[in-house]
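Participant: Sequence first, predicted coordinates after that:
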Amino acid sequence: MSYEAFILLSIALIAVLLLVGVLGWRARRRRHRDLQAPQVPSGFQAVVDAPILYVATTTAGDPYDRVAVHGLGFRARGRVAVGPTGIVLDLPGSAVLVPVADLDGVERATWTIDRVVEPGGLLRIAWRLGERRLETYLRVTGDDAPVLAAMHDIQPHPTASGAAA
């Protein structure tokens with residue numbers, strides 16, 4: 001095989017792989033288009049507000065099924081705000097409210113899709129969006145104890161605070 005043929009074949013293979021990746025992501029977004037994220041109410045009062053590294057939101061029980069809508073598909077820097085009405089994930093381009101009524105639990109976690117940290121280094125928020133159960137993973141920049149305490153204070157169904165996923 002000539003050098004030119006090898007280069008052309010390599011470029012074609014890379015193009016096909018990129019196309020398959022784009023088509024797969026678009027199919028994932030179509031599968032999740034029924035998810036309607038609650039909007040943050042005007043006048044939301046935060047008890048705690050902290051900078052975060054947003055890691056992922058996945059379908060509960062399926063840690064490889066990343067949610068791909070409402071700005072939840074990619075890792076990002078953002079903020080988390082906890083108030084009496086719920087938890088707000090303020091991410092670039094979107095803000096998602098996790099209402100208290102839909103909050104199933106909050107606990108520490110060690111891993112999620114494509115991310116492993118020290119034991120208990122992530123916060124896992126289990127919640128419902130419509131009929132779908134989700135898990136959101138984030139890492140608070142700095143001390144996460146006040147954020148975790150505020151989340152435990154508002155959750156209607158307490159979970160073990162020291163559990164690790």
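Facilitator: Ah, there it is. Numbers count the residues shown, from 1 in each chain.
Participant: excluding its backbone neighbours, what's nearest Val98?
Facilitator: Ile87 (4.3 Å; Cβ to Cβ, 6 or more residues apart in numbering). (Glycine included, C-beta is placed from N, CA and C.)
Participant: quick one: buried residues of the one helix or strand that neighbour maps to?
Facilitator: Assigned by DSSP states H and E, Ile87 falls within strand 86-91. Buried residues in strand 86-91, counting neighbours by 16 or more other Cβ atoms under 10 Å, are found at Gly86, Ile87, Val88, Leu89, Asp90, Leu91.
Participant: as a whole number, average confidence for that strand?
Facilitator: The predicted model assigns strand 86-91 a mean pLDDT of 93.
Participant: do the same with stretch 24-33
Facilitator: 75.
Participant: swap in stretch 105-122?
Facilitator: Mean predicted lDDT for stretch 105-122 stands at 86.
Participant: mind listing what's buried in that stretch?
Facilitator: By 16+ other Cβ under 10 Å, the buried positions in stretch 105-122 come out as Gly105, Val106, Glu107, Arg108, Ala109, Trp111, Thr112, Arg115, Gly120, Gly121, Leu122.
Participant: hang on, the third one packs against Leu122?
Facilitator: No - the pair formed by Glu107 and Leu122 falls short of the contact definition of Cβ atoms under 8 Å, at 9.6 Å.
Participant: sorry, back to before: isn't the residue nearest to Val98 up against Leu97?
Facilitator: Yes - assessed by Cβ under 8 Å, Ile87 is found in contact with Leu97 at 7.4 Å.
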